[in-house]
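Enquirer: give me a model of this one.
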Amino acid sequence: MDADLIRLVNQLQDTFANLGGELDMPQLAVVGSQSAGKSSVLETIVGRDFLPRGSGIVTRRPLVLQLIHTPVPETPTQTYDEWGQFLHIDKRFTDFNEIRREIEQETFRVAGQNKGISKLPIHLRIYSPNVLDLTLVDLPGLTKIPVGDQPSDIERQIRSLVLDYISKPNCVILAVSAANVDLANSEALKLARQVDPQGRRTIGVLTKLDLMDAGTNALDILTGRTYPLKLGFIGVVNRSQADINAEKSLQDALEAEAEFFRSHPAYRNVAHKNGTRYLAKTLNQVLMNHIRDKLPDMKARLNTLMGQAQQELNSFGDAAIYGDKNQQGALILRLMTQFARDFVASIEGTSVDISTKELSGGARIYYIFNDVFGQALQSIDATHNLDNQDIRTAIRNSTGPRPSLFVPEIAFDLLVKPQIKLLEAPSLRCVELVYEELVKICHNCTSPELQRFPRLHAQLVDVVSELLRERLSPTTEYTQSLIDIQTAYINTNHPAFISGSAAAATAFTSAPPKQVLPRHKHIEASQPASIESVNGVASSQDGDDESTDEITVNGSSGRDTRSVSSTVHDRSRGASSAPPGAAPAHRHHSPKAHHHSSRHPSGSSAVGAGANGTAKETFLNYFFGQNGPGPLAGTTAERTSTAAAGVLPVGRDVSGADPALETGLMAGKRSLESNAAFDMKSLGRHIEADAVHMQATDVTGHMTMREEMETNLIRSLIQSYFNIVRQTIQDLVPKAIMHLLVNNTSQQVQNRLVASLYRPDLFGDLLNEDEELVAERARVKALLDAYREAFKTLSEVTLKST
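Expert: Okay, the predicted model is just below:
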């Protein structure tokens, strides 16, 4: 029965080593300093040389050595009666030198070629009729300092490895110490005391008794007077290195050891309690007693492990139901329903597994609507990309060739529509963010049961993702249509816009009239022949007149400058009332002086309406009159001197008395010689020169009071209307996304999953389990079977012992 106990433990140990069980098996662990003689003690117990030898650290992996006694058969059927077998290789080793080489190769394979160590044990069984049933664990020797290429923390690594074994209550510690070293310096006993302070499961082994100094002995230690242990100390004498080199057999070594104890005067009385044979018998008895004492604890532990293994096996599910189509369909339908329910619950915030560390599910959608999208809209400035030149150009373009009494509404529509389009990009980005969040929610919807079927989970995610992609397109189109709707009709009758416009008008009308300061001479020198405002207001200027009229919002101050006061008739009437020679001498290039000096000396000036009635007329002459938008009149020398003085003489000269203006448009007949200058190229050069003049005016920041008023008014109206549209978009876009994307998907997800995946021909493929999960289920099932078999065996052993 005792032999059956040890063999049972060995069997359980092998089984749990392969399956990864957590049962703490009773065993003997050999602990000692490096070169204390641990390997020699084990070889002497076995009676064979099979362990690696050498200088420095040799044992670098734990060696679980199981000694199994095999009776000698009466009729031998094989040529050997001793052999070894490793757990990692299915082969019998009859040559123990091959066992040594296999241990070295397996150590190198895991722990490497250097002097590092590994916690992964090597399992070796030795069958022999010369051994007792015994299980020993040979651990690496304790060291102090690293040698060679050993890690710097080799001492800590070895201590940690040894403590992992000897700290278990079911482990009996075999503390090996050299007799020729003071016992107070024994590292093995020091570690044993840490985990076994009372010395109840520690056996002391003294080696090298034959190497002690002459006149000294270890009798006090062997009898327990120096360091008491419940299991006592046992002295042994191993082969010396010279004996190993001389290939002294272990049988001869055992005889020499027995003779040493019998003949030594100090040890002759305790010789029967020392030696390797007595040590093997003691270890066998201690191990069996230890196993017998730990049987109740082992059974209780097995009960717990069986319950845990059964629970883990249940979590993997039973593979037996997967062959039935009805059960497969019910399982798939239940998993689909659970997936859809989890998806909707994550959006609604009613999920059981709600994270407390970060926003998730519907809370992230709310964050996108209110924080991301809201801040993106609020950060848009309605007129940040509109400068005064853009607004003034739009006002000019919207009036066409006619002067305007008021600020044209077409200019407001032209400017506000591109600004409304600025809201389109953040709105579409909001749709994309919500879509991405829904896809993330879909991927996170899983359960332990659904994880067993990766293909089914992948198909569920694909179907919901496809549904989301289908809803993304109409949501995006509707969001774009919201922006297009706002640009399609500019509702200037909106109550908020009317009140904002009234406030802006009140602010402008209540402002004090502005006075234009006298212009500097170098500015006057760079003025063109005629200066016209954006809507045709003429700013005629004499040498002594340095002031302009006051302009208000409605043009009611002085004369009505908002009305058609700058027409050709008014300008010609005002210009004809000034004498030709009114300009001072230092302003010889003023508009009036330039007008009177620009007559052609060659006699090509205009004549009366009836003088040249038969002359051929061009289109430009007919439309613009004599001083049209062609090249300026005057000699080449005059134009050259004028350009050199920094003057850009462009545009029509309407500041002086012009016969063409006085007698009407049809009276401006030209000679054929002057008609050749008024072609399209000259007109293009005139427009380019006028554009250069406008740009120079913008650089200097000069705007007439009316232009400044109109620009600010348009800017404030754009800001007011843009704020109205922004509030509307900020309200409608989240509603559209929730209706078209979020709610629609939540309502259709269950039906879409059933329609796409609930098909009997797909059941087998969808319920195909993960290979790792199948292997894990098989391992847990085998472990559960091993636990049950061990429990049954332990119960039988308990009944026999009683």
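Enquirer: scan the chain for its longest helix.
Expert: helix 276-316 (DSSP state H).
Enquirer: pLDDT on that helix, on average?
Expert: Predicted confidence along helix 276-316 averages 84 (mean pLDDT).
Enquirer: and Ala755, how many residues sit next to it?
Expert: 11 (other C-beta atoms under 10 Å). Yep, even glycine has a C-beta here, placed from its N, CA and C like the rest.
Enquirer: find the nearest non-adjacent residue to Val236, please.
Expert: Distance criterion C-beta to C-beta, 6 or more residues apart in numbering; nearest residue to Val236, sequence neighbours excluded, is Thr276 at 5.3 Å.
Enquirer: for Thr143, see how far away that neighbour is.
Expert: In this view, Thr276 and Thr143 are 26 Å apart by C-beta to C-beta, to the nearest Å.
Enquirer: the more surrounded of these two?
Expert: Thr276 (24 against 20).
Enquirer: so who does the more buried one touch?
Expert: By C-beta atoms under 8 Å, 6 or more residues apart in numbering, Thr276 lies in contact with Val41, Thr44, Ile45, Val236, Leu254, Glu257.
Enquirer: show me what contacts the first one?
Expert: Applying C-beta under 8 Å, 6+ apart to Val41 gives the contacts Val30, Val176, Val205, Thr207, Val236, Asn238, Thr276, Leu279.
Enquirer: pretty sure the second one sits in a strand.
Expert: Yes. Secondary structure assignment (DSSP: H, G, I helix; E, B strand; the rest coil) places Val176 inside a strand.
Enquirer: which residue sits closest to it, ignoring its sequence neighbours?
Expert: Gly32 (3.3 Å).
Enquirer: and the one you found, that one's in a strand?
Expert: Yes. Assessed by three-state DSSP, Gly32 belongs to a strand.
Enquirer: touching, it and Gly141? I think so.
Expert: Yes. Gly32 is within contact range of Gly141, at 6.2 Å (criterion: C-beta atoms under 8 Å).
Enquirer: and Lys294, what does it touch?
Expert: Pro26, Asn170.
Enquirer: all strands of the stretch 1-150 of the chain, in order?
Expert: All strands of the stretch 1-150 of the chain, identified by DSSP state E, counting those that start in this stretch, fall at 27-32, 63-69, 83-86, 92-93, 122-128, 134-138.
Enquirer: name the stretch among these that sits most buried.
Expert: For these, the largest average neighbour count (mean count of other C-beta atoms under 10 Å) is found in strand 27-32, namely a mean of 25.
Enquirer: can you name every helix or strand that the strand or helix carrying Ala192 contacts?
Expert: Element membership of Ala192 [criterion: DSSP states H and E] is helix 187-195. If you count contacts as 3 or more C-beta pairs under 8 Å, 6 or more residues apart in numbering; DSSP states H and E, helix 187-195 packs onto strand 27-32, helix 154-166, strand 171-178, strand 202-207.
Enquirer: anything in contact with each of Gly32 and Gly141?
Expert: Lys38.
Enquirer: where does the stretch 401-550 of the chain dip in pLDDT?
Expert: Applying pLDDT under 70 to the stretch 401-550 of the chain picks out residues 498-550.
Enquirer: typo on my end, it should be the chain
Expert: In the chain (pLDDT under 70), the answer is 1-4, 13-23, 54-56, 73-78, 149, 317-325, 352-353, 355-356, 498-701, 797-802.
Enquirer: now Val137: how far from Val31?
Expert: Taken as C-beta to C-beta, the span from Val137 to Val31 is 9 Å.
Enquirer: circling back: and the helix holding Ala192, what's buried?
Expert: If you call a residue buried by 16 or more other C-beta atoms under 10 Å, then helix 187-195 has these buried ones: Glu187, Ala188, Leu189, Leu191, Ala192, Arg193, Val195.
Enquirer: so what does the nearest residue to the last one once chain neighbours are set aside look like in phi/psi?
Expert: Taking C-beta to C-beta, 6+ apart as the measure, Val195 lies nearest to Ser167, with 4.7 Å between them; neighbours along the chain are not counted. Dihedral angles phi and psi of Ser167 (degrees, to the nearest 10) take the values phi -80, psi -10.
Enquirer: what's around Ser167, how many residues?
Expert: Applying other C-beta under 10 Å, we find 13 residues neighbouring Ser167.
Enquirer: okay, now Glu409: neighbour count?
Expert: Residues near Glu409, counting by other C-beta under 10 Å: 12.
Enquirer: could you do the one 5 residues further on as well?
Expert: For Leu414, the number of neighbouring residues by other C-beta under 10 Å comes to 17.
Enquirer: check the one 3 residues further on too.
Expert: As a burial measure, Lys417 scores 13 neighbours (other C-beta under 10 Å).
Enquirer: element containing the nearest residue to it once chain neighbours are set aside, please.
Expert: Nearest residue to Lys417, sequence neighbours excluded (C-beta to C-beta, 6+ apart): Thr487, at 4.7 Å. Using DSSP H and E, Thr487 sits in helix 454-488.
Enquirer: list the contacts for Pro776?
Expert: One thing to correct before we go on: residue 776 is Glu, not Pro. So Glu776 contacts Phe316 (C-beta under 8 Å, 6+ apart).
Enquirer: buried ones in the host helix or strand of it?
Expert: Assigned by DSSP H and E, Glu776 belongs to helix 771-801. Neighbour counts over helix 771-801 (16+ other C-beta under 10 Å) mark Arg777, Val780, Lys781, Leu783, Leu784, Ala786, Tyr787, Ala790, Phe791, Leu794, Val797 as buried.
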